[in-house]
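Peer 1: Next comes the sequence, and after it the predicted model I'd like to discuss.
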Amino acid sequence: MEKLLAKPIVKNKLWSLEKSNNHIGCIQSVDNGVILVSDQKKERFSSLKSLGDKYNIEFDSSKQKSNKSTNQVYDFPVDCKPYNIVYDLKRKLPLYTTRSDSKSYYCAGYYSIFINDIWTIQFCPKSIVLSRNKFNGPYHQEIDAKNSVTLSQSE
């Protein structure tokens, strides 16, 4: 059986399950164990060890991400206190809202976004802006977003 790799998204709470570098599911920690979600099915296990033993899963601890301060979302900077923090696995975006009762999500970090035929740099843009435009990111620093514009223009 091929070894599967579980990469942490939220320390000790959420992992992306990969096989040959392809995302095949998620593992979520719950009060009384863990849940494996893959191929539209859910399977509950009493512990990470029992799940790992059944499916030959290796848990990667080298890239664990955490919220180190209130001004970060999955290690990406934000300009306010974040609420309703989630990670969009499909688009690989760290999302948050600016108020606890808000339904408008922002993307943590720096982005280069192609809007109206011009590359612009934005810090923490709304999620809907990224869904409507071509973009590069997220980046931890503004200089990285600016460098991506240079690379995109040369393509």
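Peer 2: Ah, there it is.
Peer 1: Quick check: which element contains residue 18?
Peer 2: Here residue 18 is covered by strand 14-19, with elements defined by DSSP states H and E.
Peer 1: what sits up against that strand?
Peer 2: With CB atoms under 8 Å, 6 or more residues apart in numbering as the test, strand 14-19 has contacts from 2, 4-9, 23-29, 36, 38, 57, 59, 87, 89. Where you see a C-beta, it was placed from the backbone N, CA and C, and this is true even at glycine.
Peer 1: what do you get if the cut-off is 10 Å, keeping everything else the same?
Peer 2: 2-9, 23-29, 34, 36-38, 48, 51, 55, 57, 59-60, 64-65, 86-87, 89, 92 (CB atoms under 10 Å, 6 or more residues apart in numbering).
Peer 1: in its sheet, what does that strand sit against?
Peer 2: Using DSSP bridges, the strands paired with strand 14-19 in its sheet are strand 4-10 (antiparallel), strand 22-30 (antiparallel).
Peer 1: what does the average pLDDT come to for the last one?
Peer 2: Averaging pLDDT along strand 22-30 yields 87.
Peer 1: quick one: contacts of it?
Peer 2: 4, 6-19, 34-45, 48, 51-52, 55, 57, 59, 89-90, 92.
Peer 1: CA atoms only for it, dumped as PDB, please.
Peer 2: The C-alpha trace of strand 22-30 is given here as PDB (Å, rounded to 0.1, in the frame of the first residue of the first chain):
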ATOM      1  CA  ASN A  22      -2.300  15.200  -5.100                       C
ATOM      2  CA  HIS A  23      -5.000  16.200  -2.600                       C
ATOM      3  CA  ILE A  24      -7.300  13.300  -1.900                       C
ATOM      4  CA  GLY A  25      -9.000  14.300   1.400                       C
ATOM      5  CA  CYS A  26      -8.900  16.000   4.800                       C
ATOM      6  CA  ILE A  27      -8.500  14.900   8.300                       C
ATOM      7  CA  GLN A  28     -10.200  16.800  11.000                       C
ATOM      8  CA  SER A  29      -9.800  16.500  14.800                       C
ATOM      9  CA  VAL A  30     -13.000  16.300  16.800                       C
END
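Peer 1: Please enumerate the helices of the protein.
Peer 2: 48-55, 127-132, 142-154 (DSSP state H).
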